[in-house]
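Engineer: okay, structure incoming, though there's no sequence with it:
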């Protein structure tokens, strides 16, 4: 089994927003990065607002 990095080390602050790199998120979900990105795009396409950001 692959040893995961601590979650806190995967979160970066960019322009006052906390973000996680797609490759790290894909690792957490145990899916290829390409698959994760396709799911995000598909979700955004289905969204009324066309973005994947959450409020908060």
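Structural biologist: All right, it came through fine. Here the structure is a predicted model, which means the values were calculated and not measured.

Engineer: next up, the contacts around residue 13.
Structural biologist: Contacts for residue 13 were tallied using C-beta atoms under 8 Å, 6 or more residues apart in numbering; they are residue 19. Backbone N, C-alpha and C define where each C-beta goes, glycine included.

Engineer: so it is in which element?
Structural biologist: Secondary structure assigned from DSSP states H and E places residue 13 in strand 11-14.

Engineer: partner strands of the helix or strand following that strand, with direction?
Structural biologist: Sequence-wise, the next helix or strand downstream of strand 11-14 (DSSP H and E) is strand 17-20. Sheet pairing here is set by DSSP bridges, and for strand 17-20 it gives strand 11-14 (antiparallel).

Engineer: show me what counts as buried in the partner strand.
Structural biologist: For strand 11-14, a neighbour-count test (16 or more other C-beta atoms under 10 Å) marks nothing as buried.

Engineer: quick one: average confidence on it?
Structural biologist: Looking at strand 11-14 alone, the average pLDDT works out to 96.

Engineer: which strands and helices lie in contact with the longest helix anywhere in the chain?
Structural biologist: What stands out as the longest helix in the chain, according to DSSP state H, is helix 33-46. When contacts are defined as 3 or more C-beta pairs under 8 Å, 6 or more residues apart in numbering; DSSP states H and E, helix 33-46 sits against helix 22-29.

Engineer: now what about the helix it packs on, what contacts it?
Structural biologist: Under C-beta under 8 Å, 6+ apart, the answer for helix 22-29 is 2, 4, 5, 7, 10, 32, 33, 35, 36, 37, 40.
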